[in-house]
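Trainee: This is a predicted model, with the sequence first.
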Amino acid sequence: MADDCCNKKGEELARLAMQAEQRRVLIIVLAINAAMFLAEFGAGLVARSSALQADAVDMLGDAVVYGLSLFALGRGRRWEAGAALAKGGLILLFFVVIVVDIALKLAHGMPPSTRLMLIFGSLALVANLTCLALLWRFRNLNVNMSSTFECSRNDVMANAGVLVAAGAVMALGAGWPDIVVGLVIALLFLRSAVRVIRGAWPVFRT
């Protein structure tokens, strides 16, 4: 009986230690994404880059996502699933915002500044690779952390897209590759939103 009690205490301590580690990692990645959003969105405005602004908005979305993950941490499966649903809805909203921005660029846009795209796209890629590495061990822990990892993985692909767009604009001397990559990033958001919502909804209902 004493052994059983000790085992239960040991399991509880291990669970609390895991939650503390998750909390520490989430705070770090939240701070990284919030800082990069401010830097990258400002650069996107100056550079007139749809891809860079789309990537920056994704950074803001992820900062909010990590905040939701922190809030749901340790509150149970229903809270975790609710946080994941909120993340899915937020990602879906950003998809709409980016599509609207692309439509405006098509009507009134100017070629983007490839130098700023390359500089800030590279910085964002390094930041998101760091976040992905920090979140890797928690990627299959629960629906909350799984949806968080999904968002971070999307960021890395979006960052790579910004760099591809910058190279294409530079090589072709035209602005349309930036718009195309911005649209691809938007579609990536849509796919991610559907996956997160479909995974979280059954857990939330039960």
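Mentor: That came through, no problem.
Trainee: By mean pLDDT, which helix or strand of this protein comes out lowest?
Mentor: helix 2-47 (a mean of 71; mean pLDDT, DSSP states H and E).
Trainee: now the helices for the protein?
Mentor: Secondary structure of the chain (DSSP state H): helices located at 2-47, 50-72, 77-108, 114-135, 143-172, 176-205.
Trainee: So for the second one, mean pLDDT?
Mentor: It refers to helix 50-72. When pLDDT is averaged along helix 50-72, the result is 75.
Trainee: Just give me how far it sits from the chain centre.
Mentor: Shown here is helix 50-72, whose average C-alpha point lies 5 Å from the average C-alpha point of the whole chain (C-alpha atoms, centre = their mean, to the nearest Å).
Trainee: and it, what does it pack onto?
Mentor: Using 3 or more C-beta pairs under 8 Å, 6 or more residues apart in numbering; DSSP states H and E as the contact criterion, the secondary-structure elements in contact with helix 50-72 are helix 2-47, helix 77-108, helix 114-135, helix 143-172, helix 176-205. Any C-beta I mention is one placed from the backbone N, CA and C, and that applies to glycine too.
Trainee: about what we covered before: need the helices of the chain in a markdown table (columns: mean neighbour count).
Mentor: Below are these laid out as a markdown table (neighbours: other C-beta atoms under 10 Å):
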| stretch | mean neighbour count |
| --- | --- |
| helix 2-47 | 15 |
| helix 50-72 | 25 |
| helix 77-108 | 18 |
| helix 114-135 | 20 |
| helix 143-172 | 21 |
| helix 176-205 | 19 |
